[in-house]
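Peer 1: Quick one, structure for this:
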Amino acid sequence: MKKINLILFLMLVLAGCKGETPIDDLPLVKYEIQVSKIAVGMNAIVRKDDIFQIFYTEDGSLNFSGEKTLRVNVKGSKEPQDIVFELPERIKLTNIRIDTGENKAQGEIIIKRFWVNNFDKQFEVKGNSFFSYFTLGPDMKVSMENSSITTIVKDDTVYDPMLYPDPKLTAELKKLLKQEQVDEL
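Peer 2: Sure thing, here's the model as predicted:
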């Protein structure tokens, strides 16, 4: 009886596999690692090597901390270059602060373009319109004509050039990064 059951079982298995594609003939499915879909960037002329940094909040406040920050090395160039910060997935970005370097000898930084991407949506400003969306730190000066910022270096103070978000930027981020879309990530 055991032999009959075994023969019936094997017949069912073999009949069930009839017409199946062998595993070696199945197409190979490739999965790509997805990069962040939320990015903050600027196109600028930065003449000397430096490190730019952004801080971000997720609670609507301006309480920026070292826990939510990204740094990008910038190679000095006389040509405009993109400086891009890829933000972590699944964040609820509400505000950003940009620190424009650590190099005290940097000099003038010319802002050509600033953008925030969220998947296929983008907020973008060009030239000196950038300064409508940020408030300069106390040791910075702006040239609207050149669309540039220059840090005023003082020997007795800490060098930390910062651009704080203006309420106009906060409103644009809110429109671009709708809460329900962020939750879907």
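Peer 1: L8 - that's part of a helix, no?
Peer 2: Yes: read with DSSP: H, G, I helix; E, B strand; the rest coil, L8 is one of the residues of a helix.
Peer 1: I'd like the distance between it and K174.
Peer 2: As for L8, its distance to K174 is 67 Å (criterion: C-beta to C-beta, to the nearest Å). In this view, the C-beta of every residue, glycine as well, is placed from N, C-alpha and C.
Peer 1: And for I91?
Peer 2: If you measure I91 against K174 using C-beta to C-beta, the figure is 14 Å.
Peer 1: cool, and N103?
Peer 2: Relative to K174, N103 is positioned 33 Å away (criterion: C-beta to C-beta).
Peer 1: Between the two, tell me which one has more neighbours.
Peer 2: N103 (18 against 14; other C-beta atoms under 10 Å).
Peer 1: Against I4, how distant is that one?
Peer 2: As for N103, its distance to I4 is 85 Å (criterion: C-beta to C-beta).
Peer 1: since we're on I111, how many residues are nearby?
Peer 2: 26.
Peer 1: Now do it, the pLDDT please.
Peer 2: For I111, the model assigns a pLDDT of 96.
Peer 1: so where does it fall, helix or strand?
Peer 2: Counting by DSSP states H and E, the element that carries I111 is strand 109-118.
Peer 1: Equivalent analysis for S61, please.
Peer 2: For S61, there is no helix or strand it lies in under DSSP H and E.
Peer 1: So what does K141 have for phi and psi?
Peer 2: For K141, the backbone dihedrals are phi -130, psi 150 (criterion: degrees, to the nearest 10).
Peer 1: Show me where the protein has its helices.
Peer 2: In the chain, the helices defined using DSSP state H lie at 2-16, 167-176, 179-184.
Peer 1: and the second one, which residues are buried?
Peer 2: Buried residues in helix 167-176, counted by 16 or more other C-beta atoms under 10 Å: L169, T170, E172, L173, L176.
Peer 1: same thing with stretch 47-54?
Peer 2: Of the residues in stretch 47-54, those buried (16+ other C-beta under 10 Å) are R47, D50, F52, Q53, I54.
Peer 1: Tell me how far the third one lies from R97.
Peer 2: Just to be clear, that refers to F52. Summarising the geometry, the distance separating F52 from R97, computed by C-beta to C-beta, is 11 Å.
Peer 1: Enumerate every residue touching the nearest residue to V116 once chain neighbours are set aside.
Peer 2: Computed as C-beta to C-beta, 6 or more residues apart in numbering, the closest residue to V116 that is not its neighbour in sequence is F123, at 4.8 Å. F123 makes contact with W115, V116, E172, L173, K175, L176, according to C-beta atoms under 8 Å, 6 or more residues apart in numbering.
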